[in-house]
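Enquirer: Would you be able to build a 3D model of this:
(one chain, ligands or ions: 2)
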Amino acid sequence: MPDRTPPLFPTGSGQMDLGLADTRPKRVTLSPGATLLRGFALEDAEALWRALTPILRAAPLRHMLTPGGRQMSVAMTSCGTWGWVTDQAGYRYTHTDPTTQALWPPMPDLLFHLASRSAAAAGFEGFQPNACLINRYEAGTRMTAHQDKDEGDITQPIVSVSLGLPILFLWGGLQRTTRPHPILLEHGDVLVWGGKARLHYHGVKPLEQGVHPLTGPTRFNLTFRFVAPAGR
Ligand code: MD6
Ligand code: FE
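Expert: Ligands and ions are numbered 1, 2, ... in the order given. This is a model prediction of the structure:
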């Protein structure tokens, strides 16, 4: 993936803290329908982290296989009515976790409300997510360019919450060939996208080594979706 474009916002974590105020805008439109809400989840970050513990115990993180048979470098699980899975049979949403045969753990109210408030803050009122994908990144973990299009209802936005180590997110266009813009996603940042931006390609660069006070050597990303019952 081409990566010669300089980051839109090259400052942030990973830099020495000089005690200067962060003057970057709190709200950034990446393209129509896609809004970065910097720090929107910061106040809830510790409670979110605590809420993840029982979920990860019931539905352990795992490296799934792509339909092409490659093991994903990101470790994933889900909570909510629907969970996202991939294996040699393809990408899909299921009611049960294929590794435990149990229903996916319920989505805690804290997560549901944060996602719904985030969507409203970005102009999408009434978002009621019924699926939350949980992704864990370790040093070197990346995600190649993809579209999120398995939900069966693209009228609803996706809300993405970043916890832990920062990563360069690659914001592309409606065609895979559009050169992506790198943008730094940091602890507590929330990205909301829908409308015209809903099917934009996106990915992340490999996670750099580091240690975060809350999440240690990892980054967690929570993505909230509304999956239509037709989505299986
Ligand atoms: C990540 N995120 O931030 C990967 N997808 O680690 C995604 O793939 C993503 O952030 C749809 C909507 C928001 C996202
Ligand atoms: Fe995605």
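
Enquirer: tell me the secondary structure for residue 152?
Expert: When classified by DSSP: H, G, I helix; E, B strand; the rest coil, residue 152 comes out as coil.

Enquirer: So it is in contact with residue 228, correct?
Expert: Yes - using C-beta atoms under 8 Å, residue 152 is in contact with residue 228, at 3.7 Å. Every C-beta, even on glycine, is put in place using the N, C-alpha and C of the backbone.

Enquirer: Now do stretch 219-230: everything it contacts.
Expert: 48-49, 52, 81-82, 93, 111-112, 115, 127-137, 141, 148, 151-153, 156, 158-167, 185, 207, 212 (C-beta atoms under 8 Å, 6 or more residues apart in numbering).

Enquirer: Close to ligand 1: what parts of this protein are there?
Expert: Proximity of the chain to ligand 1, by C-beta under 6 Å from any ligand atom, involves residues 135, 143, 148, 158, 160, 169, 191, 202, 204, 221, 223.

Enquirer: Present the residues you listed as a markdown table; the columns should include neighbour count.
Expert: As requested, the residues of the chain next to ligand 1 are arranged in a markdown table below (neighbours: other C-beta atoms under 10 Å):
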| residue | neighbour count |
| --- | --- |
| 135 | 22 |
| 143 | 20 |
| 148 | 19 |
| 158 | 26 |
| 160 | 24 |
| 169 | 24 |
| 191 | 27 |
| 202 | 25 |
| 204 | 22 |
| 221 | 22 |
| 223 | 19 |
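
Enquirer: Tabulate the residues you listed in CSV, adding columns for secondary structure.
Expert: Formatted as CSV, the residues of the chain next to ligand 1 follow (three-state DSSP):
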residue, secondary structure
135, strand
143, strand
148, coil
158, strand
160, strand
169, strand
191, strand
202, strand
204, strand
221, strand
223, strand
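
Enquirer: hang on, the earlier thing: which of the contacts of stretch 219-230 are buried?
Expert: 48, 52, 81-82, 93, 111-112, 115, 127, 129-137, 141, 148, 151-152, 156, 158-167, 185, 207, 212 (16 or more other C-beta atoms under 10 Å).

Enquirer: So which of the residues you listed are in helices?
Expert: 48, 52, 111, 112, 115 (DSSP state H).
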